Each structure stands twice: as structure tokens, then as C-alpha cells.
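J.: What shape does this take:
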Amino acid sequence: MGRMMGKGLEQKFDVHKKGFASKLLEKMDAIKPYINPLVDKTIVDFEVDNDSESIRNGYDILSKGGREGLHNKGNNFHVGATKILHFINPHFFPIIDSNAAKTFRELYNFPYRKSTQPGYSGDRYLRSMMKIKEVILNYGLEKFRTLEPGTPTLRIFDKLTFAYGNGW
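T.: A predicted model of the protein is given here:
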């Protein structure tokens with residue numbers, strides 16, 4: 001994500017320099033009403049009917065490109081959005097990157113493409129969350145957690161998608 005934040009420490013980290021940090025602060029304020037109700041949830045608490053609108057709104061705000069977007073070149077910021085959400089609550093929000101996209105495409109027949117932009121969207125993010133919950137619960141939550149005790153459940157899932165995505 002660092003390479004998409006622009007050049008120079010001040011642009012990246014000083015909220016007064018109108019770079020990534022100031023844009024991120026604005027985005028965090030904008031997503032707060034949507035994301036705050038989700039900060040204490042885990043992926044197994046995810047309820048499509050109750051949570052989808054808030055997740056989609058937060059995701060869309062963070063991933064939007066253009067002049068006010070977080071990507072230093074104005075591109076959409078899909079993977080970065082999932083990383084920010086994951087940082088906010090690593091027990092609820094998964095990271096969906098190229099490795100996860102490959103895993104979802106090959107194992108679960110998701111319509112992610114083999115390209116630099118695999119077709120990320122708020123709707124696919126929600127669908128991915130539903131599938132992750134299903135996979136974990138079908139495997140058994142406690143059994144899944146024993147794969148790496150003390151690690152957030154979604155971090156374990158992320159490590160598995162990283163390994164699969166890299167052909168390990």
C-alpha cells in the first residue's frame with residue numbers, strides 16, 4: 001500500500017500537507033458512522049441483512065478513485081480499502097488482494113479476473129465476506145482457530161489465501 005501513498009514522508013504522514021494522511025483522515029471521518037457499529041464484530045457475526053449497507057458504504061468511500069481518492073495517481077483504491085478496514089477490525093474485515101482474488105476465483109468460482117484489476121467491488125467484497133464466514137463455519141470455528149492460536153481468525157484466512165495465491 002505504501003507505494004500508492006505518494007512520495008515523501010510529509011505527504012504520507014502529515015495531515016497538514018494535503019497528501020495521503022489528510023485524505024485518509026477525511027475518509028476515516030466519512031466512514032465512521034458506517035463502520036463504528038461493526039468494530040466489535042467478528043466474521044462469524046456478519047449478517048448480510050444488517051451489515052451489508054454499512055460495509056458497502058465504508059468500502060465505497062475508501063476505494064473511490066479520482067482527485068479526492070487515496071491512491072496517489074487517482075486510481076481506485078480497492079485493496080487499500082480492504083487493508084484499512086482490516087486494520088480497523090481484523091476480526092471482521094478481510095483483506096481481498098490478488099492472492100485472495102485468485103483463491104476465490106479458483107476454489108469458489110467467483111468472477112474475479114486474472115488481471116491487474118481483478119474486478120474488485122463493494123458487492124464482491126460482501127460476497128467474499130459471506131463465503132469466508134461459510135468456509136470457516138463449515139470447517140469449524142474452534143478447529144480453524146487452532147491453526148494458529150492467538151491470531152485473529154481472518155488473519156489466518158489471509159495467510160491461507162496468500163499461500164494458495166502463491167502456489168504454496
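
J.: contacts and neighbour counts: CA atoms only from here.
T.: OK.

J.: pLDDT-wise, which helix or strand of the chain ranks last?
T.: Here the helix or strand of the chain ranked lowest by mean pLDDT, DSSP states H and E is helix 9-13, holding a mean of 48.

J.: Just give the nearest non-adjacent residue to the spatially most central residue of the chain, would you?
T.: In the chain, the centroid-proximal residue (CA atoms, centre = their mean) is Thr82; its distance is 1.7 Å. Setting aside the residues directly before and after it, Thr82 is nearest to Ile95 in space (CA to CA, 6 or more residues apart in numbering), at 5.0 Å.

J.: any idea how far that neighbour lies from Glu68?
T.: 22 Å (CA to CA, to the nearest Å).

J.: Does anything pack onto the biggest helix by length in the chain? Which helices or strands?
T.: Criterion DSSP state H: the longest helix present in the chain is helix 122-139. Under the contact definition 3 or more CA pairs under 8 Å, 6 or more residues apart in numbering; DSSP states H and E, helix 122-139 sits against helix 48-63.

J.: relative to helix 122-139, how tilted is the helix it packs on?
T.: 130 degrees (axes from the mean of the first three to the mean of the last three CA atoms, to 10 degrees).
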